[in-house]
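Engineer: I'll drop the sequence and a predicted model, then ask my questions.
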Amino acid sequence: MPFLNELCLVVNQELRKGALSEQRFQSGRYEGVSNEVTRGNQVFPCIINNNRESNTIECSPDDTYPIVIYHKILAKRYELNNIAGQRSEFGDRNKYVKETALIKMVVYGKWSALNLKKEELEAIITSNFPDNMDNQNNALLNSLNLDNVTYAMQSTNFLSQSVWNEEYKNVDFSIDSEDLYFAITYQIQSTWRKGCFQLCNCDYYLLAENGEIINTENNKHLKT
C-alpha cells in the first residue's frame with residue numbers, strides 16, 4: 001500500500017488536534033515516514049522531500065523545537081481476502097488485501113520547553129492515539145481507495161540509548177540527560193482492493209502547516 005506516509009501523518013494530525021493541542025506543543029516538528037540515509041560510514045534518519053529531489057531533511061532530535069516526532073516503517077505482512085473484512089478460502093478469487101504494517105514513532109521532547117517527564121509525555125500520546133477510520137465518513141480514505149484503517153499500539157521503548165542505536169550507526173549519542181527520547185511501536189491495518197492504486201498518486205499528498213492533509217493535484221484539504 002503506497003500511502004503509509006499519509007496514514008502516519010494522520011496520527012500526527014489527530015494528536016495535534018487533541019493531546020498535543022496546547023501551545024507548548026504547537027511549534028514542534030511533526031514529520032511523516034523517515035528513511036535511512038548513509039553518509040560515509042554513518043547511518044541516520046531523514047525525510048525525503050516531496051519533490052523527489054536528491055536532497056533530504058534530517059529528522060534528528062533538535063532542541064530548537066519543543067517536540068520532534070517522526071515515523072519509521074519496520075515491516076509489513078499481507079492476507080488475501082475475497083470480501084472486504086473476510087478471510088479468503090481456497091478457490092476464491094482474491095479481490096482484497098488486508099495489510100498490517102509495523103511502524104515505529106520516534107519522539108523527542110525538550111524538557112525545559114515541555115516541563116514533562118518522559119513517562120508523562122508518553123502517556124499523553126498513547127492515551128490519545130487514534131484507533132480507526134471509516135471510509136463512509138472520511139474523505140481521506142476514499143481518496144486513497146482504502147476500505148478501512150485501524151491503528152493499534154504495541155509497546156514503548158523508554159531506553160534512550162537503545163532507541164538511538166536503532167536509528168543511528170556510528171553517530172555519537174547526543175541526547176541530554178534531562179531531555180525526553182523514546183519510541184512507540186504500533187500497527188496500521190488497512191484493507192484495499194487489488195489493482196486500485198496508481199503509484200503516481202503518492203506525489204499528490206502533503207501535510208499543511210495547520211495539520212490538514214492536502215491533495216496537491218486539486219488543492220483539496222482532506223478532513224480526517
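Structural biologist: Okay, I see it.

Engineer: these two touch, right, W192 and L146?
Structural biologist: Yes: counting by Cβ atoms under 8 Å, W192 does reach L146; the two are 5.2 Å apart. The C-beta positions use only the backbone N, C-alpha and C, and glycine is treated the same way.

Engineer: Who are the packing partners of the top helix by length along the chain?
Structural biologist: As assigned by DSSP state H, the longest helix anywhere in the chain is helix 4-17. Packing partners of helix 4-17 (3 or more Cβ pairs under 8 Å, 6 or more residues apart in numbering; DSSP states H and E): strand 29-33, strand 67-81, strand 96-109, strand 180-193, strand 205-207, strand 213-215.

Engineer: rerun at 7 Å
Structural biologist: Counting contacts by 3 or more Cβ pairs under 7 Å, 6 or more residues apart in numbering; DSSP states H and E, helix 4-17 packs against strand 29-33, strand 67-81.

Engineer: Can you give the strand pairings for the very next helix or strand once past the first one, parallel or anti for each?
Structural biologist: Spelled out, it's strand 29-33. Where DSSP states H and E defines the elements, the next helix or strand beyond strand 29-33 is strand 35-39. Neighbouring strands of strand 35-39 in its sheet, by DSSP bridges, are strand 42-48 (antiparallel).

Engineer: And the next helix or strand past the partner strand?
Structural biologist: Assigned by DSSP H and E, the successor of strand 42-48 is strand 56-58.

Engineer: which helices and strands does that next one pack with?
Structural biologist: With contacts defined as 3+ Cβ pairs under 7 Å, 6+ apart, strand 56-58 has these neighbours: strand 42-48.

Engineer: can you count the residues close to E22?
Structural biologist: Here the number of neighbours of E22 (other Cβ atoms under 10 Å) works out to 9.

Engineer: Apologies, that question was intended for F3.
Structural biologist: Based on other Cβ under 10 Å, the number of other residues close to F3 is 21.

Engineer: Same question for the one 5 residues further on.
Structural biologist: The burial count assigned to C8 is 27, neighbours taken as other Cβ under 10 Å.

Engineer: Show me where the chain dips below the pLDDT cut-off.
Structural biologist: The model of the chain has pLDDT under 70 over residues 1-2, 49-55, 82-94, 134-138, 195-224.

Engineer: OK, contacts around the residue nearest to the spatial centre of the chain?
Structural biologist: Note on the chain: the residue nearest the mean C-alpha position is C8, at 2.7 Å, using Cα atoms, centre = their mean. C8 sits next to G32, V33, H71, I103 when contact means Cβ atoms under 7 Å, 6 or more residues apart in numbering.

Engineer: ok, now with 10 Å
Structural biologist: 30-34, 69-73, 101, 103, 105, 151, 186, 188, 207 (Cβ atoms under 10 Å, 6 or more residues apart in numbering).

Engineer: one step back: packed most tightly, which of the helices and strands packed on helix 4-17 would that be?
Structural biologist: Highest mean neighbour count of those: strand 29-33, a mean of 20 (counted as mean count of other Cβ atoms under 10 Å).

Engineer: and that one, which strands flank it?
Structural biologist: On the basis of DSSP bridges, the sheet neighbours of strand 29-33 come out as strand 67-81 (parallel).

Engineer: Run a quick neighbour tally on N170.
Structural biologist: N170: 11 surrounding residues under other Cβ under 10 Å.
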